[in-house]
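Novice: quick one: sequence and predicted model below, then my questions.
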Amino acid sequence: MKARVYQYAACGTCKKALKWLDAHGVAYESVPIVESPPSLAELTALVKKSGLAPRKWINTSGGSYRALVTERGKEAVEALSDEELLGLLAKDGKMIKRPVVIAGDAVLVGFAEAAYEARFASASEQLAYRSKRAR
């Protein structure tokens, strides 16, 4: 099964994730998150599947988030409901933390090598990875 990766070409974290996927032979469909962000319905389902709170999906280092904080104030942004946050994320792909990788029943947000290893690596690769990390 091919994974689906929402990514932004200028994002360093996305580049690291795609490099990792390529190096491990993971087939994926690349979707430009700015031009083709997930719909509100899809985003809502992905957030639920990920097990993360909508707030954890916000790219807090991005310009879109900073502009929102400047416009509304930090307290007002922190007070937004999950539904309001999802609406904002669905309207602006740059506000979504990336990459977002959908693979079967897993949804990964950002790039954490250990999470990618756990999801995609073969059993022997996982063993080698854990051995390397233990040193």
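Specialist: Cool, got the structure. Residues are numbered from 1 along each chain as shown.
Novice: and stretch 11-22, what's buried?
Specialist: Cys11, Thr13, Cys14, Ala17, Leu18, Trp20, Leu21 (16 or more other C-beta atoms under 10 Å). Where you see a C-beta, it was placed from the backbone N, CA and C, and this is true even at glycine.
Novice: average pLDDT for it, rounded please.
Specialist: For stretch 11-22, mean pLDDT is 96.
Novice: send the alpha carbons of it over as CSV?
Specialist: C-alpha atoms of stretch 11-22 as CSV (Å, rounded to 0.1, in the frame of the first residue of the first chain):
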residue,chain,number,x,y,z
CYS,A,11,10.2,22.6,4.4
GLY,A,12,13.4,21.1,5.8
THR,A,13,11.5,18.6,8.0
CYS,A,14,9.6,17.4,5.0
LYS,A,15,12.8,16.9,3.0
LYS,A,16,14.2,14.8,5.9
ALA,A,17,11.1,12.7,6.0
LEU,A,18,11.0,12.1,2.3
LYS,A,19,14.7,11.2,2.3
TRP,A,20,14.0,8.7,5.0
LEU,A,21,11.1,7.2,3.2
ASP,A,22,13.1,7.0,-0.1
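Novice: sorry, back to before: as a markdown table, the buried residues of stretch 11-22 with distance to Glu78 and secondary structure would be great.
Specialist: A markdown table is the format used below for these (distance: C-beta to C-beta, whole Å; DSSP: H, G, I helix; E, B strand; the rest coil):
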| residue | distance to Glu78 | secondary structure |
| --- | --- | --- |
| Cys11 | 24 | coil |
| Thr13 | 24 | helix |
| Cys14 | 26 | helix |
| Ala17 | 28 | helix |
| Leu18 | 32 | helix |
| Trp20 | 33 | helix |
| Leu21 | 34 | helix |
